[in-house]
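S.K.: I'll drop the sequence and a predicted model, then ask my questions.
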Amino acid sequence: MTTHPELEAEQAYIDSAYGCLDAARQRVLSMREEVSDGQGGTFQNRFERDVVWEQVGIRLRQLELGERSLVFGRVDTEPTDDGGATYYIGRISVADESANPVVVDWRAPVAESFYRATGLEPLGLRRRRHFATRGQVLLDIDDELFGSATRALDEGHVQGHGALIAALEDSRSGKLSDIVGTIQAEQDRIIRSELPGVLIVQGGPGTGKTVVALHRAAFLLYAHRFPLEGQGVLVVGPNRVFLSYIEQVLPSLGEAGVQIATLADLVPHVRVSGRDPVDVGRVKGDISMIKVIRRAVRDRQRPLRETLRVPYGIQRLTLTVDGSRRIIDSVRRRVRLHNLGRRHVEDLFFEALHASSRNDDTLETVRHRLRRDPLIVEALERMWPILTPAEFLNDLYGSRGLLRSAGENVIGDDWKLLHREREHDPNRIVFTADDVPVLDEALELLGPRPRHKEADLIRTYGHIVVDEAQDLSPMSLRMLDRRSLNGSMTIVGDMAQATGAWPHDDWESLLEFLPDRRAPRREELTVGYRVPGPIMDLAARVLTLAAPDLAPPTSIRHSGDAPVFVTASVESLGAELSRAVRNEITAVGSGNIAVIAPDSMVGEIDNMLSAGGVAHGGATRQGLDQQVTIVPVSLAKGLELDSVIVVEPKRILDEQKRGAQSLYVALTRSTKRLVVIHTGVLPTVLAD
């Protein structure tokens, strides 16, 4: 193999850049040593010390690359009167001792041409150079020349062919990697799009929409450090498996301050596990639940059943039913948030008791003597209880009477689908993912509890990135809208992969529930980088069922292994599956393999592989941490693996609520190889 003539010189430059990085790290460490860590000094001194330590820690984390490469490319501009310029593009900016730039941050404006230049629009470049590196070691160089003599070499939109293909063909680790060295022009345009408003990004399988969304979060923090660093950036994913899969991308780009969460993580003090049946999930996700919850909160503001008579010395203080009703009506007019109304109820409650007294004790004396009386506590809890969202929803779901009162005139008989047994131990209350937006609506209406205001407040963010948004219900979208400080969002998804209880047919139905302070902007990722052509051709057949109005992504990897179909009997399925897994281990070496199956078969598949002596794991909150992983099709979205074995495609079509979309997801997770194992007849769409 021919070695690039400048390989040695470029390796020397990279070594020099690492030397500057080490020097920068030492300078930051010296700053930390100069700041006393003692406990003495004035409050101002201690405050300043803490600020410096925090900033030093942030900078040290930015300078810590681990095994990730610092430099991945270079651009040379066309000569001008002042001569041409050369810039090395890397993960973070690095300067020498004289503050001269050695490496330019990939997000800087001068680096834009590295990602966007084409033969037709060279953007002032004479040459673009991609580095293939492993850590600090330069393995190869991929050059692209610009100008009329070389224009024919780059009529398309893909840059750095060699570097890109090498990155795509690397084995997967079970964690998503950044694409900072191989960002393509259409991806870069989205990443650098302006901050304000809602940006919708439609992208088919393998187009890089997830990594584009994450790189956009990193770019926005770089380009709009103020105010976003203070306001915060939130990245929302569909489940914990997905979050575990993507969690290392932003730190690898030098941004560790972004909050990555599922919707369930955004509601405090609740435990969430699993999902509801589809019909129940649709009820909980419908926007009419707003009115149900509002009525249910109002139902917890109740007059007394009978006149309250409280012993007080030789007399009894009283509050009539009508008096309690007047108190409730008065407080309802005065406050918007339920929990904040409790103090007003107590004030009026004790005023009424004091007014019924026949001695000269002051109001405060009456209040102090009676506030812990069991009769008083019980009366106040009936009239206006302090509630957490979990307590409120546990009570509501556990009472047919409360559900009927709140829901019958709003959702008809569907209120019956919400009923479940009330959990008497608060520590054992567990909700489903479909309950989360309902809990959040309750949190919005209940408001913070006294003495828990900070913990109960709903935090807002300067920018929110939402991945796999096509499955979000109206209530889930309302929950995100509530957390948007200024209407700035990046919404990413693929309508062809809408598989949830609340799938949307188009982006218009989703935008209806998002901020509308500015007209939404739309982008589409059209080039498929992950899925090889032969696999995408097969998946495109299913796309005609899943989303007939959408065109499949254009795969840049035209070659690759053709999908393999294995026919098995019911009795031999386990043996054939075990054999297929072993074949794939041989084929992909250290690469990752997923066995994607209908949700109903996961336990059965686990037993089959165990019986076949195949070491494997399951998709967990920690992600895909073994080479072979069984993945229920409902959790496959967003993942990418070297090899995928899809089991029983007909059962996926028949059993999943949106079977065609689920099968499309399953068939498009692989970067290299695909095996389809089936018993009986293949679905017609795959039979050819």
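M.R.: All right, it came through fine. The model shown is predicted, which means the values in this text are computed figures rather than measured ones.
S.K.: When you work out contacts or count neighbours from here on, use the C-alpha atoms and nothing else.
M.R.: Will do.
S.K.: Which secondary structure element of this protein has the lowest mean pLDDT?
M.R.: Ranked by mean pLDDT, DSSP states H and E, the weakest helix or strand in the chain is helix 161-169, scoring a mean of 52.
S.K.: Distance from the helix or strand just after it to the middle of the chain?
M.R.: Later in the chain than helix 161-169, the nearest helix or strand by DSSP states H and E is helix 185-191. Mean C-alpha position of helix 185-191 versus that of the full chain (CA atoms, centre = their mean, to the nearest Å) differs by 20 Å.
S.K.: same check, this time on stretch 466-473
M.R.: Centre to centre, stretch against its chain (CA atoms, centre = their mean), the figure for stretch 466-473 is 9 Å.
S.K.: How about the top helix by length along the chain, which residues are buried there?
M.R.: Taking DSSP state H as the criterion, the chain has its longest helix at helix 7-34. Residues 10-11, 14-15, 17-18, 20-21, 23-25, 28, 32 are the ones in helix 7-34 that count as buried (16 or more other CA atoms under 10 Å).
S.K.: and what of stretch 77-89?
M.R.: Thr77, Glu78, Tyr87, Tyr88, Ile89.
S.K.: contact partners of that stretch?
M.R.: Contact partners of stretch 77-89, identified using CA atoms under 8 Å, 6 or more residues apart in numbering, comprise 71-76, 102-106, 111, 114, 124-127.
S.K.: now, which of those lie within helices?
M.R.: Those of the contacts of stretch 77-89 lying in helices (DSSP H): Phe114.
S.K.: which residue ranges form the helices in the stretch 501-650 of the chain?
M.R.: Taking DSSP state H, counting those that start in this stretch, the helices of the stretch 501-650 of the chain run over residues 507-511, 533-546, 573-588, 602-611, 649-655.
S.K.: Let's have these in a markdown table, adding mean pLDDT, distance to Pro238 and mean neighbour count.
M.R.: Output for the helices of the stretch 501-650 of the chain, formatted as a markdown table (pLDDT from 0 to 100; distance: least, CA to CA, whole Å; neighbours: other CA atoms under 10 Å):
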| stretch | mean pLDDT | distance to Pro238 | mean neighbour count |
| --- | --- | --- | --- |
| helix 507-511 | 92 | 16 | 15 |
| helix 533-546 | 91 | 20 | 21 |
| helix 573-588 | 94 | 28 | 17 |
| helix 602-611 | 93 | 20 | 16 |
| helix 649-655 | 93 | 20 | 20 |
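S.K.: For Arg449, which of these is the nearest?
M.R.: Arg449 sits nearest to helix 507-511 of all the helices of the stretch 501-650 of the chain, at 32.5 Å, using CA to CA.
S.K.: what about dumping the CA coordinates of that closest one to CSV?
M.R.: Output of helix 507-511 as CSV, limited to C-alpha atoms (Å, rounded to 0.1, in the frame of the first residue of the first chain):
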residue,chain,number,x,y,z
TRP,A,507,-45.2,16.9,11.1
GLU,A,508,-48.2,19.3,11.0
SER,A,509,-50.1,17.3,13.6
LEU,A,510,-47.1,17.4,15.8
LEU,A,511,-46.3,21.1,15.4
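S.K.: Quick check: which ranges of the stretch 201-350 of the chain have low pLDDT?
M.R.: Across the stretch 201-350 of the chain, the ranges flagged by pLDDT under 70 are 245, 251-254, 256.
S.K.: please redo it, this time with the cut-off set to 80
M.R.: 239-257 (pLDDT under 80).
S.K.: Could you dump the buried residues of stretch 77-89 into TSV with secondary structure added?
M.R.: Converted to TSV, these look like this (DSSP: H, G, I helix; E, B strand; the rest coil):
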residue	secondary structure
Thr77	strand
Glu78	coil
Tyr87	strand
Tyr88	strand
Ile89	strand
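S.K.: Arg367 and Ala352 touch, don't they?
M.R.: No: the pair Arg367 / Ala352 is not scored as a contact, 10.8 Å apart, by CA atoms under 8 Å.
S.K.: which residues are in contact with stretch 588-606?
M.R.: 171-174, 574, 581, 584-585, 626-634, 636, 641-648, 651-652, 655-656, 666.
S.K.: change it to 7 Å
M.R.: Contacts to stretch 588-606, defined as CA atoms under 7 Å, 6 or more residues apart in numbering, come from residues 171-174, 627-634, 641-648, 651-652, 666.
S.K.: what do you get for stretch 566-576?
M.R.: Stretch 566-576 is contacted by residues Met608, Leu609, Gly612, Val676, Ile677, His678, Thr679 when judged by CA under 7 Å, 6+ apart.
S.K.: Find the helix or strand that the fourth one is a member of.
M.R.: When elements are defined using DSSP H and E, Val676 is found to belong to strand 670-679.
S.K.: average model confidence for stretch 22-29?
M.R.: If you average the pLDDT over stretch 22-29, you get 85.
S.K.: Make 50 the starting number, not 1.
M.R.: All set: I'll call the first residue 50, so the last point we hit is now stretch 71-78.
S.K.: Could you export it as PDB, CA atoms only?
M.R.: Presented in PDB, the C-alpha positions along stretch 71-78 are these (Å, rounded to 0.1, in the frame of the first residue of the first chain):
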ATOM      1  CA  ASP A  71      -0.700  18.900  27.400                       C
ATOM      2  CA  ALA A  72       0.800  22.400  28.100                       C
ATOM      3  CA  ALA A  73      -2.700  23.800  28.200                       C
ATOM      4  CA  ARG A  74      -3.700  21.200  30.700                       C
ATOM      5  CA  GLN A  75      -0.700  21.900  32.900                       C
ATOM      6  CA  ARG A  76      -1.600  25.600  32.800                       C
ATOM      7  CA  VAL A  77      -5.100  24.900  34.000                       C
ATOM      8  CA  LEU A  78      -3.800  22.600  36.800                       C
END
